[in-house]
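A.B. asks: What shape does this take:
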Amino acid sequence: MTDDRDEGLEQRRKRLTAELAGKRTDDAAGVAREEQSEASRKGMALGLKISSEFIAAIAVGAMLGYVLGLVWPASKPWGLIILLLLGFCAGVLNVLRSVGMVAPSPFSEKDEANKD
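C.D. replies: Numbers count the residues shown, from 1 in each chain. Predicted coordinates for the structure are as follows:
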């Protein structure tokens, strides 16, 4: 009777060990999927940040050029054109700084040093 009981316990232990190994592989696959989705979310956030900074710089340049044309009518077309191009250049510079291809602004480094 004890032999049957020992054999039953041994079979149950083997079955539980196999189930536990299966759960561990499922957990490892879940962790890998979570890491991949986290990397994807970070990439999406960076893309949205870069695009919004680029569009905002162009919009601010265009609005300032338009206002300049209203305040000073002699600069009507040229103020808008020049400030729109300056906004575009500022947007490109912001994108390059965000990506890390251009050194950050010295003014932003001073601000970050004062916060600490």
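
A.B. asks: Just after the host helix or strand of Ala21, pick out the following helix or strand.
C.D. replies: Per DSSP states H and E: Ala21 is located in helix 2-71. The helix or strand immediately downstream of helix 2-71 is helix 76-99, counting by DSSP H and E.

A.B. asks: so where is the protein shaky, pLDDT-wise?
C.D. replies: Within the chain, the ranges that satisfy pLDDT under 70 run 1-3, 109-116.

A.B. asks: try 90
C.D. replies: 1-43, 46, 72-77, 98-116 (pLDDT under 90).

A.B. asks: Could you report the neighbour count for Ile50?
C.D. replies: 17 (other C-beta atoms under 10 Å). For every residue, glycine as well, the C-beta is placed using N, CA and C.

A.B. asks: do the same with Gly79
C.D. replies: Each residue near Gly79 was counted by other C-beta under 10 Å, and the total is 20.

A.B. asks: Can you tell me the closest non-neighbouring residue to Glu105?
C.D. replies: Let me fix one detail, which is that residue 105 is Ser and not Glu. Nearest residue to Ser105, sequence neighbours excluded (C-beta to C-beta, 6 or more residues apart in numbering): Arg97, at 7.2 Å.

A.B. asks: any idea of the angle the helix holding Ala21 forms with helix 76-99?
C.D. replies: Here helix 2-71 points in a direction 160 degrees away from that of helix 76-99 (axes from the mean of the first three to the mean of the last three C-alpha atoms, to 10 degrees).
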